[in-house]
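Peer 1: Take this sequence and fold it.
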Amino acid sequence: MTTAFERVQTARHPERPYAMDLFSSVFTDFIEVHGDRRYADDPAMVVGFARLDGREVCVIGQQKGRDINERRHRNFAMSKPEGYRKALRVMRMAEKFGRPIITIIDTPGAYPGIDAEERGQAEAIAFNLREMASLKVPVIVVVLGEGGSGGALAIGIGDRVLMMENAVYSVITPEGCAAILWKDAGRAPDAAEGLKLTASSLKEFDIIDEIVPEPEPWKMPVEDDKASQAAFEKVADTLKRRLIATLDELSAKDPKTLVTDRYKKFRKMGEWI
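Peer 2: Just a heads-up that it's a prediction; the model follows:
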């Protein structure tokens, strides 16, 4: 049996697919859009337009980077305010032209640096939450690897939330939780169990809508590794089919119903006692 912390380690594996891997395997004709039109471009947040089985969609994803230079360039997928504002700018474009939105979550959290705070990190995240709740086009969220705190939730308000089997989604990292509760980050495995951050737990709590199965830990194929290539293609195809089916279902709803149902979906989360 796989433990919760083992799922965390799998979700963080450097050979797991990232958002841009999906943009080239699940989608076609991806065209990237840069800049938030207020401050700068944020490479940690990759946004643009693509096609899903011939249908034009808006795609947004958090990108970690493969090697040390790209990781530094992408800031380890920890977006700054301009990243969230860029994502929202493209979402509004998608809404204007009637394009469904698909977001790919994979971040340890929003960037906590002083410069990000000075430019309104918390405000940018909160503003996205409010605006995404009222978008009049279908919004599908995919938790691909790590889903960390508000950094993930800022692109996580959707009509349907799909989660990869070995992904995690939590308000805090296990290490951070253990450091707060027990003053010992070494107790991260205990914290991971308590946080209920795995796909199966979150499905049970109705935080997510669907688990996308991974027959084995999903990793990028290495050169001449036919088995890895086959596994990647199989899971990518499964995800693509689920996205198409979900999009077909949501597209049948009128905009008012989409917004109403999305509001109800998130309002019912949690337990009131």
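
Peer 1: CA only for contacts and neighbour counts going forward, please
Peer 2: Noted.

Peer 1: Helices along the stretch 51-200 of the chain, start to end?
Peer 2: Per DSSP state H, counting those that start in this stretch, the stretch 51-200 of the chain carries helices over the ranges 68-73, 81-96, 114-118, 121-133, 149-153, 174-182, 188-195, 199-204.

Peer 1: As JSON lines, these with distance to Lys256 and mean pLDDT would be great.
Peer 2: Listed next are the helices of the stretch 51-200 of the chain as JSON lines, based on distance: least, Cα to Cα, whole Å; pLDDT from 0 to 100:
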{"stretch": "helix 68-73", "distance to Lys256": "40", "mean pLDDT": "95"}
{"stretch": "helix 81-96", "distance to Lys256": "13", "mean pLDDT": "97"}
{"stretch": "helix 114-118", "distance to Lys256": "35", "mean pLDDT": "95"}
{"stretch": "helix 121-133", "distance to Lys256": "12", "mean pLDDT": "96"}
{"stretch": "helix 149-153", "distance to Lys256": "23", "mean pLDDT": "93"}
{"stretch": "helix 174-182", "distance to Lys256": "39", "mean pLDDT": "95"}
{"stretch": "helix 188-195", "distance to Lys256": "35", "mean pLDDT": "95"}
{"stretch": "helix 199-204", "distance to Lys256": "26", "mean pLDDT": "95"}
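
Peer 1: Is it possible to get JSON lines of those that adds mean neighbour count and distance to His13?
Peer 2: Shown next, in JSON lines, are these (neighbours: other Cα atoms under 10 Å; distance: least, Cα to Cα, whole Å):
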{"stretch": "helix 68-73", "mean neighbour count": "14", "distance to His13": "14"}
{"stretch": "helix 81-96", "mean neighbour count": "22", "distance to His13": "24"}
{"stretch": "helix 114-118", "mean neighbour count": "13", "distance to His13": "27"}
{"stretch": "helix 121-133", "mean neighbour count": "18", "distance to His13": "26"}
{"stretch": "helix 149-153", "mean neighbour count": "22", "distance to His13": "18"}
{"stretch": "helix 174-182", "mean neighbour count": "17", "distance to His13": "16"}
{"stretch": "helix 188-195", "mean neighbour count": "18", "distance to His13": "16"}
{"stretch": "helix 199-204", "mean neighbour count": "18", "distance to His13": "17"}
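
Peer 1: out of the ones you listed, nearest to Asp42?
Peer 2: Closest to Asp42 of those, according to Cα to Cα: helix 81-96, at 4.8 Å.

Peer 1: picking up where we left off before, between the helices of the stretch 51-200 of the chain, which one is nearest to Ala167?
Peer 2: Distance to Ala167, taken as Cα to Cα, is lowest for helix 199-204 among these, at 6.7 Å.

Peer 1: Centre of the chain to that closest one, how far?
Peer 2: With Cα atoms, centre = their mean, to the nearest Å as the basis, helix 199-204 stands 16 Å off its chain's centre.

Peer 1: Packing partners of that helix?
Peer 2: strand 210-212 (3 or more Cα pairs under 8 Å, 6 or more residues apart in numbering; DSSP states H and E).

Peer 1: Could you rerun that using 10 Å?
Peer 2: helix 4-11, strand 160-164, strand 168-170, strand 210-212 (3 or more Cα pairs under 10 Å, 6 or more residues apart in numbering; DSSP states H and E).

Peer 1: low-scoring stretches of the stretch 1-150 of the chain, by residue?
Peer 2: Applying pLDDT under 70 to the stretch 1-150 of the chain flags residues 1.

Peer 1: May I have the phi/psi pair for Gly54?
Peer 2: Backbone torsions for Gly54, taken as degrees, to the nearest 10, come to phi 90, psi -10.

Peer 1: Next up, the contacts around it.
Peer 2: Listed by Cα atoms under 10 Å, 6 or more residues apart in numbering, the contact set of Gly54 reads 27-29.

Peer 1: Skip the chain neighbours and tell me the closest residue to the residue nearest the centre of the chain.
Peer 2: Nearest to the geometric centre of the chain sits Ile105, at 1.1 Å (Cα atoms, centre = their mean). Nearest non-adjacent residue to Ile105, counting by Cα to Cα, 6 or more residues apart in numbering: Val143, 4.7 Å away.
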